[in-house]
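Asks: this one's structure only:
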């Protein structure tokens, strides 16, 4: 029997009846069965319950509706998730903190090129991290606070996503290949219950140019998600880069939600859905929340 699917189309303030009609036609056109359909919120989000091949449905809908975010998930799993595990840099916040620190050190172009390659999955993450941190040696520790204040901005919908889920009983973990100096205050601003990231070594009031072991990398992110003990079908994992792929895949395979957010191609391909246009509240729409439910 074909898989039971929940298909959610999201385009806040811009989803038309024509879009949803076209989507139904596309789903049927690839041989899937439309079981039911309804507006989640008129003009913003629409649900289609169907039976079919999830990846094929996603691919067809993304091609047919290039301005709409499409989430296709298992219909038999709890729709409102009990745990969110999220990446920080370029997911919950709008920058890569290590690149911004490198700007203060005068080596941003060099560091940013390595960051981009690592996020595309072209470099070993731990090795790339150590090489980039070495270039920060001698930078004043006080610069971390300056960077946090002047460069770090939350991505739209971050607070609403986490606080709405928390208000409905979900736990939250911010897990980053970046640094605790940023992850802790960012987690507090957004409302995460816990933050885990790498630790920059100090040499007095300067950065030592090294990072403490163990490195928080792709394997660590997946392990932290799985160690929580929440059934994987009740987990949503979100990230943008190659080091997020194992945790995204674990959520997908376990029947939960694995979401790529404005992501690099490899992460987008590994996820159930790629948020290409909207903000982080797309993850709330995927869980069936309407705007009246939103917090934060």
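Replies: Alright, I've got the coordinates. These numbers were taken from a predicted model, which means no experiment stands behind them.
Asks: and residue 1, what pLDDT?
Replies: In this model, residue 1 is scored at 56, pLDDT.
Asks: host element of the residue lying closest to residue 246 once chain neighbours are set aside?
Replies: Distances taken as CB to CB, 6 or more residues apart in numbering place residue 222 nearest to residue 246, at 3.8 Å, with adjacent residues excluded. C-beta here means a position set from N, CA and C on the backbone, and glycine is covered the same way. Assigned by DSSP states H and E, residue 222 belongs to helix 218-227.
Asks: swap in residue 174?
Replies: strand 171-179.
Asks: Adjacent strands (with direction) for that strand?
Replies: strand 83-86 (parallel), strand 194-198 (parallel) (DSSP bridges).
Asks: what would the ones you listed look like in CSV with mean neighbour count and distance to residue 295?
Replies: What follows is the strands paired with strand 171-179, written out as CSV (neighbours: other CB atoms under 10 Å; distance: least, CB to CB, whole Å):
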stretch, mean neighbour count, distance to residue 295
strand 83-86, 27, 13
strand 194-198, 19, 19
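Asks: any idea where the strands of this protein begin and end?
Replies: Secondary structure of the chain (DSSP state E): strands located at 3-10, 33-41, 45-52, 69-74, 83-86, 171-179, 194-198, 200-203, 206-211, 235-239, 257-261, 273-275.
Asks: Out of those strands, which is the most enclosed?
Replies: Mean neighbour count (mean count of other CB atoms under 10 Å) peaks for strand 235-239 among those, with a mean of 30.
Asks: Okay, now the unreliable bits of the stretch 151-296 of the chain?
Replies: Of all residues in the stretch 151-296 of the chain, none has pLDDT under 70.
Asks: on that earlier part again, so what's the residue count around the residue nearest to residue 246?
Replies: 22 (other CB atoms under 10 Å).
Asks: Use 403 as the first number from now on
Replies: I'll keep to 403 as the first residue from here, and by that count the last item is residue 624.
Asks: That one is in contact with residue 645, isn't it?
Replies: No - here residue 624 lies out of contact with residue 645, judged by CB atoms under 8 Å, at a distance of 9.8 Å.
Asks: Return the residues in contact with residue 499.
Replies: With CB atoms under 8 Å, 6 or more residues apart in numbering as the criterion, the residues that contact residue 499 are 490, 491, 549, 553, 554, 580, 581, 584.
Asks: Any chance of CSV for those, columns distance to residue 678?
Replies: As requested, the contacts of residue 499 are exported to CSV (distance: CB to CB, whole Å):
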residue, distance to residue 678
490, 20
491, 19
549, 28
553, 25
554, 24
580, 23
581, 28
584, 26
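Asks: Compare the residues you listed and tell me which is most surrounded.
Replies: residue 490 (29 neighbours).
Asks: Now for that one: which residues touch it?
Replies: By CB under 8 Å, 6+ apart, the residues touching residue 490 are 499, 576, 577, 578, 580, 584, 585, 588, 599.
Asks: one more time with 6 Å
Replies: Counting by CB atoms under 6 Å, 6 or more residues apart in numbering, residue 490 touches 576, 578, 580, 585.
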